[in-house]
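Enquirer: dropping a prediction and its sequence here:
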Amino acid sequence: MVSNKWIAIALTASLAVNVFLAGMFVGRRMVGPPPPPLGPAAQQQSAWRPGDRALPPMIDRIADGLAPQYRAVFLAAMDKHRQDIVASGLALREARGKVRESLSAENFDRNATTTAMADLQERETRFRQSLQAALLDAAGDLPVDARRQMVNPPPRRPPPQ
């Protein structure tokens, strides 16, 4: 026969597990989906869809510093170049990974590392060119006061704590 002590322990443990699981369920229901990877300015643009790759944070900072009527023009220009910026950014990330792998390989191959570094340099240049083309298009569509705001974006936001 099981003593009353063990029944009380089992019931208490069962209650604790049920309260924990109910808390998890309610917590997930109360908290919506995670925020998109872009800041508030970029979310205002109609072309953004959840799951899209984010543009570099610098673009969002510039957009945040613009007046609302200029922000839409700026983001439209960025959206025209989104595919190229994202593709060149992914290629750049891949090249950085190859350099890391080459430098941390068990057997160091100088020629392979030199090739990987040259590829990284080319991809960095391509990424910068795609960003510059987008910024030039945006600047061509904006008045001088908005271009001055582009040059002096607000400071970076501290990370959430």
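Expert: Okay, I see it. Residues are numbered from 1 along each chain as shown.
Enquirer: only C-alpha atoms from now on, for both contacts and neighbour counts.
Expert: OK.
Enquirer: show me where the protein has its strands.
Expert: Applying DSSP state E to the chain gives no strands.
Enquirer: where does this structure have low pLDDT?
Expert: Filtered on pLDDT under 70, the chain yields the residue ranges 1-2, 32-54, 154, 156-161.
Enquirer: now the helices for it?
Expert: 4-30, 40-43, 57-65, 68-103, 110-140, 144-151 (DSSP state H).
Enquirer: turn these into JSON lines, columns for mean neighbour count.
Expert: Putting those into JSON lines (neighbours: other C-alpha atoms under 10 Å) gives the following:
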{"stretch": "helix 4-30", "mean neighbour count": "11"}
{"stretch": "helix 40-43", "mean neighbour count": "19"}
{"stretch": "helix 57-65", "mean neighbour count": "19"}
{"stretch": "helix 68-103", "mean neighbour count": "18"}
{"stretch": "helix 110-140", "mean neighbour count": "17"}
{"stretch": "helix 144-151", "mean neighbour count": "15"}
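Enquirer: where do the domain boundaries of this structure fall?
Expert: 1-32, 37-151 (automatic domain parsing).
Enquirer: D109 against S102, yeah?
Expert: Yes - here D109 reaches S102: they are 7.3 Å apart, a contact under C-alpha atoms under 8 Å.
Enquirer: which one is P155 nearest to, not counting chain neighbours?
Expert: R61 (7.7 Å; C-alpha to C-alpha, 6 or more residues apart in numbering).
Enquirer: pretty sure that neighbour is touching N152, no?
Expert: No - R61 is beyond contact range of N152, at 9.8 Å (criterion: C-alpha under 8 Å).
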